[in-house]
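In: Generate a structure from the sequence data that follows.
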Amino acid sequence: QVQLVESGGGLVQAGGSLRLSCAASGRTFSVMGWFRQAPGKERDFVGGIARSSGSTAYADSVKGRFTLSRDIAKNTVYLQMNSLKPEDTAVYYCAAAKKGDNSIRTPPEYDYWGQGTQVTVSS
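Out: Residues are numbered from 1 along each chain as shown. Here you go, the predicted structure:
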């Protein structure tokens, strides 16, 4: 059974940092990514990382502040979030795709999803 388990969300002040983790079990994936969804808004792409190459892609809104990394042995990806802003507040979802590369950015391109973790940035 495939599972994606996220951890690391929480409350932080603006300018602070958080690190999210997503541990996958049941199989390996070509790409793992993060999306976020604020109340009343669509689920937006944050970033994606290819398993084999480690190549990454980011949304413009987080580029330079967020960094993706992976631990192949643990089948886990990490999202380091620095210089957090109140507008980063959202539920963050881990996603995994059986095929593709770091260029895939839309929810339908991903096959599995985690349960979500809340990130709240106070001003």
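
In: which residue packs closest to Phe29, ignoring adjacent ones?
Out: Ala96 (4.0 Å; Cβ to Cβ, 6 or more residues apart in numbering). Where you see a C-beta, it was placed from the backbone N, CA and C, and this is true even at glycine.

In: Okay, and that neighbour sits in which element?
Out: In this assignment (DSSP states H and E), Ala96 forms part of strand 90-97.

In: residues making contact with that strand?
Out: The contact list for strand 90-97 (Cβ atoms under 8 Å, 6 or more residues apart in numbering) reads 2, 4, 6, 9, 20, 22, 24, 29-38, 41, 43, 46, 77, 79, 104, 107, 109-114, 116-119.

In: which among these end up buried?
Out: Neighbour-count burial (16 or more other Cβ atoms under 10 Å) applied to the contacts of strand 90-97 gives 4, 6, 9, 20, 22, 24, 29-36, 43, 46, 77, 79, 104, 107, 109-112, 114, 116-117, 119.

In: Out of those residues, list just those in strands.
Out: Using DSSP state E, the subset of these located in strands is 4, 6, 20, 22, 24, 31-36, 46, 77, 79, 112, 117, 119.

In: picking up where we left off before, neighbours of the residue nearest to Phe29, how many?
Out: 25 (other Cβ atoms under 10 Å).

In: From Pro39, how far out is it?
Out: Distance of Ala96 to Pro39, given as Cβ to Cβ, to the nearest Å: 25 Å.

In: With Lys74 instead?
Out: In this view, Lys74 and Pro39 are 32 Å apart by Cβ to Cβ.

In: middle-most residue in the protein, spatially?
Out: With distances taken as Cα atoms, centre = their mean, the chain has Trp34 as the residue nearest its mean C-alpha position (2.3 Å).

In: got a pLDDT number for it?
Out: Per-residue confidence (pLDDT) for Trp34: 98.

In: All set now, cheers.
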